[in-house]
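> need a 3D model of the sequence below.
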Amino acid sequence: MIFVGNDLRRKGIIDFIPVFKQHLSQICSLTIVTKAPITSNNKRIYIHRNITHENIKDLIKLYSNADLFILPSNSDMVPNVLIEAMFMELPIVAFNVGGISELVKDNYNGFLIKYDSERFKNMVKILNKISNNKSLLKNMGLRGKTMAKEIFRRDIFEKNITDSISKLLNSGRKK
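Next up, the predicted model:
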């Protein structure tokens, strides 16, 4: 599984690492791509730093080597990394916070986990359940890519932006 992000506390990876070490490191590895200072002595956690636009091929390779994308975020809007993961055909496992449900449809292109005191326990259950189900992961990844292509088609994207601007302009007018 792969995580990409820099605000490690808000994105939840700091809290996820101990959970991964205790419950998941026996069945999978965790790749963390970040510019933030972080280290790990766990042999199943791989940290990649300083991925930039100049070496974007390295990021693409890391995405390509992953089976799924994980986002244990405490709060978020609509993170760009989810769009990247969708285009790279990765299913997404994330907490249902902020605007994440705009891109992740539960049991369709990933799994949304309720953000409550049981969130990490529930995330571990899902990850254990799906970790060896390659066909499920592949199908979810393909559905995510199809969604991303549809959402970000230029004509649809332009229409959505235009409609949003019109709604904003009209909502400020007195009738």
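
> please enumerate the strands of the protein.
All strands of the chain, identified by DSSP state E, fall at 2-4, 30-34, 45-49, 69-71, 92-95, 110-113.

> so where's the chain uncertain?
The model of the chain has pLDDT under 70 over residues 172-175.

> that one: helices as residue ranges?
13-23, 56-65, 80-87, 119-130, 134-151, 154-171 (DSSP state H).

> most packed of those helices?
For those, the largest average neighbour count (mean count of other C-beta atoms under 10 Å) is found in helix 80-87, namely a mean of 20. Bear in mind the C-beta positions are built from the backbone N, C-alpha and C, glycine included.

> give the other helices and strands that it contacts.
With contacts defined as 3 or more C-beta pairs under 8 Å, 6 or more residues apart in numbering; DSSP states H and E, the secondary structure elements packing on helix 80-87 are strand 2-4, strand 69-71, strand 92-95, helix 134-151.

> export these to CSV and tack on distance to Ser25?
CSV is the format used below for the helices and strands packed on helix 80-87 (distance: least, C-beta to C-beta, whole Å):
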stretch, distance to Ser25
strand 2-4, 14
strand 69-71, 13
strand 92-95, 16
helix 134-151, 19
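
> list the buried ones in stretch 43-50?
Judged by neighbour count using 16 or more other C-beta atoms under 10 Å, the buried positions of stretch 43-50 are Ile45, His48.

> now stretch 87-104
Residues of stretch 87-104 classed as buried by neighbour count (16+ other C-beta under 10 Å): 87-98, 100, 103-104.

> tell me the one among the residues you listed nearest to Lys134.
Pro91 (10.9 Å; C-beta to C-beta).

> got a list of what the closest one touches?
The neighbourhood of Pro91, defined by C-beta atoms under 8 Å, 6 or more residues apart in numbering, consists of Leu68, Phe69, Asn109, Gly110, Phe111, Ile130, Leu136, Leu137, Met140, Gly141, Gly144.
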